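Q: model this:
(3 chains)
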Amino acid sequence: MFPEFGQFALVLALLLAAAQAVFGLVGAQRLDERWMAVVRPAVAGQFVLVSAAIGVLVHAFVSFDYSVLYVASNSNSALPTFYRVAALWGAHEGSLLLWAWILAAWTLAVAAFSRNLPASFASRVMGVLGIVSFGFLLFTLYTSNPFERIPLENIPADGRDLNPVLQDPALAIHPPLLYMGYVGLSVAYAFACAAMLEGKLDQTWARWTRPWTTLAWCFLSVGIALGSWWAYYELGWGGYWFWDPVENASFMPWLVGTALIHSLAVTEKRGLFKSWTLLLAILAFSLSLLGTFLVRSGVLVSVHSFAADPSRGMFILAFLVIMIGGALSLYAWRAPLLKSQAGFTGTSREAFLLYNNIALVLAALVVLIGTLAPLINDALGMKSISVGPGWFSRSFPYIAMALLALVAIGIHAYWKRGRVGESRNRHIIGFSLALLAGMAVVFVAYGAGMWQSAVGIVLGLWVIVSSLFDPIDRWRRKLTLSRAVVGMTIAHIGLGVGVIAIATVESYTLERDVAVGQGESVVLGRYAYRFDKLEPVEGPNYDGVRAEITVMRDGRQVAVLHPEKRSYWVQRSTMTEAGIHSRWNGDLFAALGEDLGAGRWSLRAQVRPLINYVWLAAGLMALGGALAASDRRYRARQPAGEGVTDNTVRAA
Amino acid sequence: MVFIALAAVLFVGVRRSPDKSVMVSALLGKPAPTFHLPVLGEPTRTFDSRELAGKPWVMNVWGTWCVECRDEHEVLLAIAQQNRVPLVGLNWNDQDEDALVWLERLGNPYSVVAVDREGRTAIDFGVYGAPETFLIDASGIVQYRHVGVLTPEIWEREFLSRLPRTGLP
Amino acid sequence: MNVSRSLMRTGIALLLSGLAAVALAVDTTTLPDEKLQQRYEKLTHELRCMKCQNNSIADSPAGLAADLRRDVKEQLIAGKSDEEIRDWMVQRYGNVILFTPAMDASSAWVWLLPGLAALGGLVIGIRIVRQRSKLVEQDDSEEISR
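A: Here you go, the predicted model:
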């Protein structure tokens, strides 16, 4: 009986979403106060109902209700409670419900924080979000009902267990964070559509939109980083990015989202790039919807794919076409309004941000090409191809390099007229420092590797150094450092750190796959990994073996690693848990392969320099973004309609 | 510019229908690889695929370790009953004893079972996951490959439809 | 209901067969010659495991991957070139077995498009900057400092 309440709640939520959309958009059009007044309660109601649905499903999991098909497929009596809850989003139906819930939550936040926006605008934003909600809830109810029941006679005695791959703390929070990012981009989309519907797009609009978009971007950054980190320590290959279609599906919105937050800066400061900003907002949202589509339609094969089902694919596709087509039509309609007469030179800040926009969109395009190429070839009847990491690693880095150089230089650019001469010193000092330090790293610390890595390290250092000039200058002149400036600096430094880390890891990783017996060692550079012993190990729903590997460096012991190999009973699958020791300059990594008999095992041993800085970098970027988004000027209660009049020294 | 973007979206979209979770065989329209393998249960006998030249035949790749092979077994038995075409089994990466026990317990739909212990023939056929079923025509060309459980609907729709109309033994 | 149920089971089975084998495969194969060893490692990382389709045959624990690795090793020892081995694989499994698309008619566009797009981006950038530079003189909006 009880799970049906969940389904019923969703149906009600669907109706409320429809109400939210209709009353919001039509009410704003007609400037009807009473209609618009319906919207906020509808939003709140929707949130409550979807929360209730989630609550019902969580209860079903926690109470081992195997009459619910979704629970039976993803849970088990031996599954620890924490994972029983996380199993909610472990497969398609539940993860959609999570999407819907997060959407309801963001909409609620918009409702709460938009009281100082003009009523018609706020209604429109929530109305558009209502359409998105409606689409997702409809999709869930129609094709992917998590509350579907198993007929009484077939109820299994125990569930099929959550995929062991997913039984991990990082992976438990990876989807919610990622969805916070994806869904947050729909808020940017809603703001864009609302502006187009209003027929008014100005600097004030940009100021409202920025914090929301930046925050979404922060979540996306962390979500992606978590996924990468998890892949590294859980999947056992010691790799952290595979250019897998679903990884790409999260990376593309991130790239476009980055362009969007920078484009919004220009729109806010100078009323420029309105077209760019609108299109980027639409693009970012489309890419996140596209990501959803790719994972669930069976169109692409990936480690991440949920169960393939063409009917789901068609639905999402239709939804995508409607949302994007609609937004683009709005854009076409309003395009004439977006012209501005502001000017800028080729070396101005605006220009650099323009190049930035182009480069980021280009980067996203490259990823898109690689991801969709097999599909396109197939659709056009051409010979089937497949595009793997080899292609991406030969295509993507060059755009990234161009982008990094632009960042390092553009940071110093002045608005409107560039005034290159004034910042010439900074460019020279910055670049020289970076070059020297980079060369030191490459030749002294690590030795020669791929040239791309050397370039990457220099560029990363250059970005970091460049980012520091302005804050240090302001500090020396005893000027206030606003959160926006600090945030921006931290984020850009994060970018530099990330690039250096990636460049280093790609060139200077040491790796060997060998067969070892007890007492034998594997040598990697200055390290020796000695296979000491193997003992049995048991967990709540698995058993296995655990090896002890002692790592020596130059003869002295530096770490003991404990890689495991686990057999999960229910799904009868085997998982590798890598043994990792993290130091300030990198990781020592070991993973067990197979039992080769006679006490010998195959072992993957790796030395991964600086790898943790990849994820640290993402954390820095997110921190920077969050700081910038919480800058005073966004939280000030300025009545709507007031432009930006404060011209004191402030960051982009 | 707007319309280009929109068109791009739609274009890619419309074509998106094919379900891509299953690979299309690289051998379609090409001659089936020949093979010469031991026969299951008859240590002195070998089977050469060229023995079947001149008439269409079907090859089913299976193993006792394969859960879905178990699922499709009844369907194979029914197909064997129809006796439209020879059904050859390719026992892939398996143990002879297990395979014999399996066929004994569940019934043997195959006119002959070739044993591919090292997986070389399966690889020649581009097999990647059992069960797979191939239709080879009278001139030895691969006409169709199905990956996954064979059902009566698929048998009729994809296999029977490709057999020539003229009467067959 | 039956069809969708079996579809789902197939989907789950496929999914599980793919993900269940997420356990690592550590390939400890050694070849007699250092150069051959390097080629072996390169090739086995370039070829996709058709069963666990997001792994190379070097990393995949599937039985098929082990068989394919054996084939690569044998062919290397028999003196085949990298090209010949790749072709041999493609002949059986289609282009999808290659992680990096070969440079031929059907995939040339994939390699060329990024470069073309970059050029396009450059052109757009230049045009916009030219247009805006002209406007700078007429533009009397305030100059905001950094």
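
Q: just the helices in chain B please.
A: For chain B, the helices defined by DSSP state H cover B:2-14, B:67-82, B:96-106, B:120-124, B:152-154.

Q: packing partners of the fourth one?
A: Counting contacts by 3 or more Cβ pairs under 8 Å, 6 or more residues apart in numbering or on different chains; DSSP states H and E, the secondary-structure elements packed against helix B:120-124 are strand B:87-92, helix C:63-77. Every residue, glycine included, has its C-beta placed from N, CA and C.

Q: I'd like to know which of the helices of chain B lies nearest to A:A281.
A: Nearest of the helices of chain B to A:A281, taken as Cβ to Cβ: helix B:2-14 at 13.5 Å.

Q: that older thread, ranking the helices of chain B by burial, who's on top?
A: helix B:120-124 (a mean of 21; mean count of other Cβ atoms under 10 Å in any protein chain shown).

Q: interface residues of chain B facing chain C?
A: Contact residues (Cβ under 8 Å from any Cβ of the partner chain) of chain B with chain C: B:21, B:23-27, B:67-68, B:93, B:118-120, B:122-129, B:148-149, B:151.

Q: tell me the buried residues within these.
A: Neighbour counting over those (16 or more other Cβ atoms under 10 Å in any protein chain shown) leaves B:21, B:23, B:25-27, B:68, B:93, B:119-120, B:122-129, B:148-149, B:151 as the buried ones.

Q: nearest residue to the spatially most central residue of chain C other than its sequence neighbours?
A: Nearest to the geometric centre of chain C sits C:F99, at 3.4 Å (Cα atoms, centre = their mean). In space, and not counting its chain neighbours, C:F99 is closest to A:G388: 3.0 Å by Cβ to Cβ, 6 or more residues apart in numbering or on different chains.

Q: neighbours around the one you found, how many?
A: Per other Cβ atoms under 10 Å in any protein chain shown, the neighbour tally for A:G388 reads 22.

Q: my read: it touches A:N248, true?
A: No - using Cβ atoms under 8 Å, A:G388 is not in contact with A:N248; the gap is 11.5 Å.

Q: low-confidence regions, chain C specifically.
A: C:1-24, C:53, C:138-146 (pLDDT under 70).

Q: residues contacting B:R145?
A: B:24-25, B:27-28, B:126, B:132-135 (Cβ atoms under 8 Å, 6 or more residues apart in numbering or on different chains).

Q: quick check: buried residues in the helix or strand harbouring A:L534?
A: Per DSSP states H and E, A:L534 falls inside strand A:527-539. Using 16+ other Cβ under 10 Å as the test for burial, strand A:527-539 gives A:527-531, A:534, A:537.

Q: so where's chain B shaky on pLDDT?
A: B:1-23, B:165-169.

Q: can you tell me the centre-most residue of it?
A: Taking Cα atoms, centre = their mean, chain B has its central residue at B:T133, 1.3 Å away.

Q: what about it, distance to chain C?
A: 15 Å (Cβ to the nearest Cβ, to the nearest Å).

Q: repeat for A:N425
A: Relative to chain C, and taking Cβ to the nearest Cβ, A:N425 is found at 15 Å.

Q: residues in contact with the helix or strand harbouring that residue?
A: Element membership of A:N425 [criterion: DSSP H and E] is helix A:420-439. With Cβ under 8 Å, 6+ apart as the test, helix A:420-439 has contacts from A:347, A:408-409, A:412-414, A:454, A:457-459, A:461-462, A:464-466, A:469.

Q: find the pair from the residues you listed with maximum spatial separation.
A: A:Y414 and A:A454 (31.3 Å).

Q: A:M401 is in contact with A:L459, isn't it?
A: Yes - here A:M401 reaches A:L459: they are 6.1 Å apart, a contact under Cβ under 8 Å.

Q: neighbour-wise, which of those two wins?
A: A:L459 (26 against 17).

Q: give the helix, strand or coil label for the more buried one.
A: Under DSSP: H, G, I helix; E, B strand; the rest coil, the three-state class of A:L459 is helix.

Q: what's it in contact with, if anything?
A: A:L459 neighbours (Cβ under 8 Å, 6+ apart): A:401, A:404-405, A:408, A:434, A:499.

Q: make TSV from the residues you listed and add pLDDT to it.
A: Rendered in TSV, the data for the contacts of A:L459 read as follows (pLDDT from 0 to 100):
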residue	pLDDT
A:M401	93
A:L404	92
A:A405	91
A:A408	89
A:A434	86
A:V499	93
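
Q: and the strands in chain C?
A: Per DSSP state E, chain C carries no strands over any range.

Q: mind checking the longest helix of it?
A: Under DSSP H, chain C gives helix C:108-138 as its longest helix.

Q: in it, what counts as buried?
A: Buried residues in helix C:108-138 (16+ other Cβ under 10 Å): C:109-111, C:113-114, C:117-118, C:121, C:125, C:128-129, C:132-133.

Q: helices or strands next to that helix in the packing?
A: Partner elements for helix C:108-138 (3+ Cβ pairs under 8 Å, 6+ apart): helix A:349-379, helix A:389-410.

Q: if I look at the residue nearest to C:F99, how far off is A:W254?
A: Relative to A:W254, A:G388 is positioned 21 Å away (Cβ to Cβ, to the nearest Å).

Q: thinking the residue nearest to the centre of chain B is in contact with B:V61, fair?
A: Yes - contact criterion Cβ under 8 Å: B:T133 and B:V61 qualify, at 7.3 Å.

Q: so A:S51 sits in a helix?
A: Yes - with three-state DSSP as the criterion, A:S51 is part of a helix.

Q: so what does the host helix or strand of A:W35 touch, helix or strand wise?
A: Assigned by DSSP H and E, A:W35 falls within helix A:33-62. Counting contacts by 3+ Cβ pairs under 8 Å, 6+ apart, helix A:33-62 is packed against helix A:2-30, helix A:69-74, helix A:81-86, helix A:92-113, helix A:119-143.

Q: next one: the first one to chain centre, how far?
A: In this case it means helix A:2-30. 28 Å (Cα atoms, centre = their mean, to the nearest Å).

Q: and that helix, average pLDDT?
A: Mean pLDDT, computed over helix A:2-30, is 86.

Q: repeat for stretch A:48-57
A: 88.

Q: got a list of contacts for it?
A: Residues from elsewhere that reach stretch A:48-57 (Cβ under 8 Å, 6+ apart): A:2-3, A:5-7, A:9-10, A:12-13, A:16, A:68, A:70-71, A:88, A:94, A:97-98, A:100-101, A:104, A:137, A:146-147.

Q: my guess is A:F285 contacts A:S186, does it?
A: Yes - taking Cβ under 8 Å as the definition, A:F285 is a contact partner of A:S186 at 5.4 Å.

Q: more crowded one of the two?
A: Neighbours were counted for A:F285 and for A:S186 using other Cβ under 10 Å; A:F285 has more, 31 against 27.

Q: from C:S60, how far out is the nearest residue to C:K80 once chain neighbours are set aside?
A: Nearest non-adjacent residue to C:K80, counting by Cβ to Cβ, 6+ apart: C:W88, 7.6 Å away. As for C:W88, its distance to C:S60 is 18 Å (criterion: Cβ to Cβ).
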